[in-house]
Every structure is written in C-alpha cells, then in structure tokens.
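Trainee: What follows is a predicted structure for the sequence shown.
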Amino acid sequence: RQKKKHSQQQHLFAILRSTFLPLGYPHKTPPGYLSYSIWSWIQDLSTQLRGVLATQRVLEGVGVGRQDATPLSAALNFILRDGCGMFSTLLFTSLSSSKFATNVKIWRLFAE
C-alpha cells in the first residue's frame, strides 16, 4: 500500500513537472529558474485575481444584481471599460515600444 501511494505521488509530480517546467529541467535550465518560475506564477495568479475582483466591482458599480438596473446598461458599461483599457494599452505600447529593449526586466514588472 505504501509503495502504491509513493508511486501515485511520483506520477503526480511528473505530471506537474511536465506541465509547468521546461523539458530538461533542472539540467538544461539556468540556476534560479525554479525560484523565478514560482515568483512568476504567483505574480500571474495575483494578476488574474485582481482582474476578477475589478470585473466584479465594475459590474456591481453599473448595477448588476440590482432590480432597477437594465442588462443593457451593464453590458454597455462593461464593454466601455474593456474598450478603454484596450485603447490605453495600445496607445501606451505605440508611444513606448522603442524603449522596451533597453531594460526588459523593468518593463516586465511594469506590465503587471
């Protein structure tokens, strides 16, 4: 029974490793890659959670869930918010893209 449990743990670890780490890890990756990846995953997760919370608050702000709010007004406000976000991202990128190559790490952190 103990052997089967150990085998299942190894199988689960192999699946996680092949899903989240590159082929050849740790022999073909630079030192510190796992630490970098963990922090990157935490940052990605926090970005997704922030997006969910922001969307929830925007929908509440436009009246989703209230009896006097119309679905059309909620949808239009949501589309307007996303459209403004996309437009501002494109504008910023077009104005700043020539500076991206000079300090990639700073821009990566700034992007999130």
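Mentor: Yes, it's here. Residues are numbered from 1 along each chain as shown.
Trainee: so who does residue 6 touch?
Mentor: Applying CB atoms under 8 Å, 6 or more residues apart in numbering to residue 6 gives no contacts. Just so you know, the C-beta spots here come from the backbone N, C-alpha and C atoms, and that holds for glycine as well.
Trainee: quick one, helices of this structure?
Mentor: 2-20, 33-61, 71-96, 104-111 (DSSP state H).
Trainee: how far out from the middle of the chain is the first one?
Mentor: Chain-centre distance of helix 2-20: 26 Å, with CA atoms, centre = their mean, to the nearest Å.
Trainee: Residue 81: neighbour count?
Mentor: 16 (other CB atoms under 10 Å).
Trainee: Quick check: the most centrally placed residue in the chain vs residue 89, distance?
Mentor: In the chain, the centroid-proximal residue (CA atoms, centre = their mean) is residue 44; its distance is 3.6 Å. Look at residue 44 and residue 89: by CB to CB, to the nearest Å, they are 17 Å apart.
Trainee: again with residue 21
Mentor: Here the criterion is CB to CB. By it, residue 21 lies 30 Å from residue 89.
Trainee: and those two? which has more neighbours close in?
Mentor: More neighbours surround residue 21 than the other of residue 21 and residue 89, with 14 against 11 (other CB under 10 Å).
Trainee: so what pLDDT did the nearest residue in space to that one that is not next to it in sequence get?
Mentor: Sequence neighbours aside, residue 37 is the residue nearest to residue 21 in space, at 7.0 Å (criterion: CB to CB, 6 or more residues apart in numbering). On the pLDDT scale, residue 37 is placed at 89.
Trainee: likewise residue 112?
Mentor: Note on residue 112: pLDDT of 62.
Trainee: Same check on residue 17?
Mentor: So, for residue 17, pLDDT stands at 85.
Trainee: What count of nearby residues applies to it?
Mentor: Close neighbours of residue 17, defined as other CB under 10 Å, add up to 13.
Trainee: I would like the residues contacting the helix or strand of the chain with the lowest mean pLDDT, please.
Mentor: Least confident element among the helices and strands of the chain, by mean pLDDT, DSSP states H and E: helix 104-111 (a mean of 70). With CB under 8 Å, 6+ apart as the test, helix 104-111 has contacts from 99-100.
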